[in-house]
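>>> Turn this into a structure:
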Amino acid sequence: MDKLKSVLSGRDTEEPSGLGEVIDATSLGWGTRVKGFVACFAIGCLCSLLGSCLLWVPKKGLMLFAVFYTLGNIASIGSTLFLMGPMKQLKRMFEPTRLIATIVMLLCLILTLCSAFWWGKEGLALLFCILQFFALAW
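Prediction:
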């Protein structure tokens, strides 16, 4: 179990330092991290599921789907911040092997909300939701 904790928190390759000890002393406990992960991931899944159900609402369904699907993806990505911590998450997201997928994902998140709210292009919002899915799977 300790090995799993060290791998998920990113401590298996880092050497202890003065700054690392300060961060460890002020960080959340493992139980709190797991609870935060589960809660945030559940909210993300609920938002995505709610968006899928709202897709069938007349006139505004596609816009509601795009918004809730995007919020669900943001919450799901945010859930891993509890396990790894924000800095480790950002470092891993912007590694050279994940850089293109991260940029596409973040760009599609922003463009989905822009097309749903400001541009009013529901088809474009759906396209960006599909691209979000592929960028996450990539």
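>>> which sections of this structure are below the confidence cut-off?
Where the chain drops to pLDDT under 70, the residues are 1-26.
>>> what domains does the record give for it?
31-85, 95-137 (the TED database).
>>> Centroid-nearest residue for this protein?
I77 (1.4 Å; Cα atoms, centre = their mean).
>>> OK, contacts around it?
I77 makes contact with G44 under the criterion Cβ atoms under 8 Å, 6 or more residues apart in numbering. C-beta coordinates here come from the backbone N, C-alpha and C atoms, glycine included.
>>> same check, this time on the one 4 residues further on
Going by Cβ under 8 Å, 6+ apart, L81 touches 40, 89.
>>> roughly how far apart are it and C47?
17 Å (Cβ to Cβ, to the nearest Å).
>>> Going toward the C-terminus from the helix or strand harbouring L71, what's the next helix or strand?
Using DSSP states H and E, L71 sits within helix 61-84. Downstream of helix 61-84, the first helix or strand assigned by DSSP H and E is helix 86-93.
>>> re the thing from before, enumerate the positions of the helix holding L71 that are buried.
Within helix 61-84, the residues scored as buried using 16 or more other Cβ atoms under 10 Å are 62-84.
>>> Verify the stated contact: G36 with S27.
No: G36 is not in contact with S27 according to Cβ atoms under 8 Å; the separation is 11.6 Å.
>>> So between those two, which is more surrounded?
G36 (16 against 12; other Cβ atoms under 10 Å).
>>> Grab the nearest non-local neighbour of that one.
F82 (3.7 Å; Cβ to Cβ, 6 or more residues apart in numbering).
>>> residue contacts, that neighbour?
For F82, the contact set (Cβ under 8 Å, 6+ apart) comprises 28, 33-34, 36-37, 40.
>>> And Q132, how far from F82?
For Q132, the distance to F82 (Cβ to Cβ) stands at 21 Å.
>>> Brilliant, that's me finished.
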